[in-house]
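Colleague: Pasting the sequence and the predicted model now:
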Amino acid sequence: EQAAQIIMDIASELFGWDAGYVHLYSESDDQIIRVLTMDTADGQRTPFQPTSFTLNPSPLMRLIMEEGAQLINRDNEALLGLHWVPFGDTTRRSASRMFVPIHAKGAVIGILSIQSYTPGAYSPEDLRLLQTLADHCGDTLQRIEMADALRQAEANYRSIVENATEGIFQTTPDGRFHSANPALARMMGYLTPEELIAGVADLERQTYVEPKKRQELKRVLETEGSVQGFETAQRRRDGSIIWASMNAHVVRDASGAVLYYEGTIQDITQRKSAEEALELSRRLQKALLDNIPDPAWLKDQEGRFLACNQPLAALYGHRPDQIVGKTVLNLVPQVADRLTYEDNEAIRSRKPVVIEAPFEDAQGRVNWFETIKSPIFNEVGAATGTVGISREITERKWVENLLRLQRD
C-alpha cells in the first residue's frame with residue numbers, strides 16, 4: 001500500500017488525477033488483488049473500498065492485460081462496450097481515464113489507472129509516460145509482494161512451530177540447542193524455549209539418561225541422513241525421567257559439513273508405561289499358567305488362543321507356541337462346535353460356565369474333565385474373551401458310575 005501510494009503521488013505530480021487505483025494480478029489464481037483504490041470526496045483524496053469489487057478480472061482489466069495501455073474518454077468509451085465497475089463517489093463518472101498494465105520480467109503483475117473528471121485531461125503521450133512509470137515500478141512491486149509472501153510464510157511457519165503439541169528442535173553437532181519450540185521447552189521442564197536453549201550446554205550429559213544414545217543418534221543421522229521413531233530416555237530439568245520418540249534428519253552446508261540436526265520429539269512416557277505394564281502382565285500371566293498343573297488357557301472373543309500352558313499343549317499334542325493364535329477348529333475339529341458354544345455361552349451370560357465332558361487326547365486316550373470357563377472383561381466392562389481351566393475327573397467319574405451300578 002505504501003508503494004502504491006508513492007506511485008499515485010508521482011502520477012499526481014506528472015498528470016494530476018481525481019481518482020485511480022493500483023491492483024495486483026495473480027496469474028496462477030487468475031485473480032485481482034486490490035492494493036489501493038482512491039477517489040476525491042469533499043475536495044480530499046481518500047482511499048475507498050470498491051462497491052462491487054470481485055476477485056475475477058473485469059472485461060476491461062482483461063483487455064488491458066492482453067492488449068496493453070488504454071486511454072478512454074467519454075467520446076470513445078461506448079465503442080468498447082465495457083461494463084464499468086464504480087468506486088469511490090459513484091454519483092459522478094470520470095471523463096478521462098488511463099489504464100496501463102504493470103509489468104515485471106515480461107509478465108503482467110497488475111494494473112495502474114488514473115482518472116480525471118475533466119474531459120480530455122490526458123493525451124496519448126501521457127499514456128505512454130504512465131506506462132513507463134508502471135514498468136519502472138513493476139519489479140519493485142513484485143519484490144514487495146514476494147517479501148510480503150515470505151513474511152506471511154514465516155509467520156505461518158512460526159505459528160505452526162509455536163503452537164505445535166510436539167517438540168520441534170534444531171541441535172548442533174557439539175550438543176547445544178540451536179532452536180526449540182514452546183512444546184519442547186515444557187516437555188523438558190523449562191518455562192520458555194529461551195530458558196531451554198540457555199540452560200542446556202551439553203545435550204549428551206544433561207538430557208540423555210544414557211549418553212551413548214546421543215552418540216548413536218548422531219551416527220545414524222550422519223550415515224543414513226534421517227531417523228524415524230528413535231526412542232530414548234530423557235532427563236528433565238528437575239531430574240525426572242521421560243521417554244521420548246524422535247524423528248530427525250541432518251542438515252548440511254554446500255560442502256557437505258553438518259550444520260545441525262532438526263526434527264520433532266514426542267513424549268511417549270505413558271505409552272512406555274503401558275507397554276511395561278503389559279509386559280509385566282504377560283510375564284505374570286505366563287508364570288501363573290506355567291505353575292498351574294491342569295490345562296489352562298486364555299482366548300479372545302473370536303476363540304483364538306492368546307496363551308496356554310504346557311499341560312493343555314500336551315493334551316492337544318502340540319507345543320504352546322503352536323497353539324497360540326489358532327482356534328479349536330484348527331486343533332480339534334471333531335469337538336470344535338461344542339467347545340466354541342461353551343466359550344460363547346460364557347461371553348453371552350457374562351458368568352462362568354462349568355462343563356463335565358470326555359475328551360480324547362492326542363494319544364487317543366479318553367478322559368473326563370471338569371472345565372470352568374469365565375468371561376474376561378475390559379476396562380469399560382465389555383466381555384473380550386474367556387479364561388479356562390480343566391481338571392481331570394476320570395477317576396471320580398468311575399467311582400460315581402460304580403456307585404450308581406451298585407444302587408441299581
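Modeller: Okay, I see it.
Colleague: residues contacting Glu345?
Modeller: Taking CB atoms under 8 Å, 6 or more residues apart in numbering as the criterion, Glu345 is in contact with Val353. All C-beta spots, glycine's among them, are computed from the backbone N, C-alpha and C.
Colleague: just the strands in the stretch 251-400 of the chain please.
Modeller: Secondary structure of the stretch 251-400 of the chain (DSSP state E, counting those that start in this stretch): strands located at 258-267, 296-300, 305-308, 353-360, 366-377, 383-392.
Colleague: okay if I get those strands as JSON lines plus mean pLDDT, mean neighbour count and distance to Gly43?
Modeller: Written out in JSON lines, the entries for these read as follows (pLDDT from 0 to 100; neighbours: other CB atoms under 10 Å; distance: least, CB to CB, whole Å):
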{"stretch": "strand 258-267", "mean pLDDT": "94", "mean neighbour count": "18", "distance to Gly43": "58"}
{"stretch": "strand 296-300", "mean pLDDT": "92", "mean neighbour count": "20", "distance to Gly43": "86"}
{"stretch": "strand 305-308", "mean pLDDT": "92", "mean neighbour count": "20", "distance to Gly43": "88"}
{"stretch": "strand 353-360", "mean pLDDT": "93", "mean neighbour count": "14", "distance to Gly43": "97"}
{"stretch": "strand 366-377", "mean pLDDT": "93", "mean neighbour count": "17", "distance to Gly43": "84"}
{"stretch": "strand 383-392", "mean pLDDT": "92", "mean neighbour count": "19", "distance to Gly43": "83"}
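Colleague: Looking at those, spot the one closest to Thr223.
Modeller: Closest to Thr223 of the strands of the stretch 251-400 of the chain is strand 258-267 (CB to CB; 11.5 Å).
Colleague: Need the contact partners of the closest one.
Modeller: Contacts of strand 258-267 from elsewhere in the structure, counted by CB under 8 Å, 6+ apart, are 164, 166-173, 178, 184, 187, 217-218, 221-222, 227, 242-253.
Colleague: So, low pLDDT: which residues of the chain?
Modeller: 50-54, 77-86, 88, 408 (pLDDT under 70).
Colleague: Name the residue closest to the centre of it, please.
Modeller: Ala164 (9.8 Å; CA atoms, centre = their mean).
Colleague: Need the phi and psi values for that residue.
Modeller: Its backbone dihedrals place Ala164 at phi -70, psi 150, with angles given as degrees, to the nearest 10.
Colleague: same question, the one 5 residues further on
Modeller: Backbone torsions of Phe169, given as degrees, to the nearest 10, read phi -140, psi 160.
Colleague: Give the burial count for the closest residue to it other than its chain neighbours, as a bare number.
Modeller: Spatial nearest neighbour of Phe169, excluding adjacent residues (CB to CB, 6 or more residues apart in numbering): Ala180 at 5.1 Å. The criterion is other CB atoms under 10 Å. On that basis, Ala180 has 25 neighbouring residues.
Colleague: Double-check the residue nearest to the centre of the chain against Ala185; I have them as touching.
Modeller: No - the pair Ala164 and Ala185 does not pass the contact test of CB atoms under 8 Å, sitting 11.8 Å apart.
Colleague: still on that earlier bit, for the residue nearest to Phe169, give its distance to Gln406.
Modeller: To Gln406, Ala180 is 86 Å away according to CB to CB, to the nearest Å.
Colleague: cool, and Ala41?
Modeller: Distance of Ala41 to Gln406, computed by CB to CB: 122 Å.
Colleague: Could you check which of those two is surrounded by more residues?
Modeller: Between Ala41 and Gln406, counted using other CB under 10 Å, the more crowded position is Ala41 (13 against 7).
Colleague: Which strand residues bridge the more buried one?
Modeller: Gln44 (DSSP bridges).
Colleague: That one is in contact with Phe87, isn't it?
Modeller: No - Ala41 is not in contact with Phe87 according to CB under 8 Å; the separation is 11.4 Å.
Colleague: returning to what we had before: now the residue nearest to the centre of the chain: closest residue in space that isn't a chain neighbour?
Modeller: In this structure, Ala164 finds its nearest non-sequential neighbour in Ala183, 5.5 Å apart by CB to CB, 6+ apart.
Colleague: Pretty sure the one you found sits against Ile160.
Modeller: No - under the criterion of CB under 8 Å, Ala183 is not in contact with Ile160, lying 11.2 Å apart.
Colleague: if you count what's nearby, which of the two comes out ahead?
Modeller: With other CB under 10 Å as the criterion, Ala183 and Ile160 differ in neighbour count, and Ala183 comes out ahead with 22 against 11.
Colleague: Could I get the contacting residues of that one?
Modeller: Taking CB under 8 Å, 6+ apart as the test, what Ala183 contacts is Ala164, Thr165, Glu166, Gly167, Ile168.
Colleague: Not counting stretch 286-301 itself, show me its contacts.
Modeller: Surrounding stretch 286-301, the residues in contact under the criterion CB under 8 Å, 6+ apart are 285, 305-312, 315, 323, 343, 347, 369, 376, 383-392.
Colleague: at 7 Å what do you get?
Modeller: Stretch 286-301 is contacted by residues 305-309, 311-312, 315, 343, 347, 384-391 when judged by CB atoms under 7 Å, 6 or more residues apart in numbering.
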